[in-house]
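1. please work out how this folds:
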Amino acid sequence: MKAFVFKPSNEFIGKFDVSAHDEVHTKLQAFLILQKNVPDYSYVESNGRFWTIVKSDPLDFQEGRIQRAAQPPQEARVPKTSEIHDLASEAFLEVTLERTLSIWWSYAWRFLVFSAVAGLLLGACGGFIVGSVGRPDLGAPVGALLGWMGSVIMSFVVFRIVLCKTFSSFSIKLVKR
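-> Predicted coordinates for the structure are as follows:
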């Protein structure tokens, strides 16, 4: 899974790979050696969990989002619509046509391939079984029905795969309301 590092202003700094949450601390230390521009009170997000880098040298790292007690005033600026926006401590991206097509294509080709394979296998097995028990006239309808059921099941499987996929510049997250 990925761990994303953000400045206190929610500006993206970078990311690194972790296989489990308990290795975030170790991987973050390696990340901080390579990245020199990580200010205090930056935070790490991985699969809905947050850690705050209270101090980067030496590393003081705590679970959860911790806000700086008194932050110096910052210049106000209007963010561009393509920038990451802060909504309830989560980083959100604008839904653009490019991202929508990327998600749709990821789903469409996987669904086509997975459902074709599942439909072929289930349809052939169902048709063979019905034919072997002496009802070859039911082979086509049973094969079609099992093939359709396989494609319905594959639609859910593929949907979950796409929800968990990390795209080139974003990933899909479910947010509790």
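
2. how near is residue 63 to residue 39?
-> 19 Å (CB to CB, to the nearest Å). The way it works is simple: take the backbone N, C-alpha and C, and place the C-beta from them, glycine included.

3. need the helix or strand of this protein with the lowest average pLDDT.
-> strand 85-87 (a mean of 44; mean pLDDT, DSSP states H and E).

4. just checking, what packs against the longest helix anywhere in the chain?
-> Secondary structure of the chain per DSSP state H: the longest helix is helix 97-132. Here helix 97-132 touches helix 139-164, going by 3 or more CB pairs under 8 Å, 6 or more residues apart in numbering; DSSP states H and E.

5. phi and psi next, for residue 53.
-> phi -90, psi 90 (degrees, to the nearest 10).

6. name the SS class of the residue of the chain positioned farthest from its centre, please.
-> The outermost residue of the chain relative to its centre, with distances by CA atoms, centre = their mean, is residue 134 at 48.8 Å. Following DSSP: H, G, I helix; E, B strand; the rest coil, residue 134 is assigned to coil.
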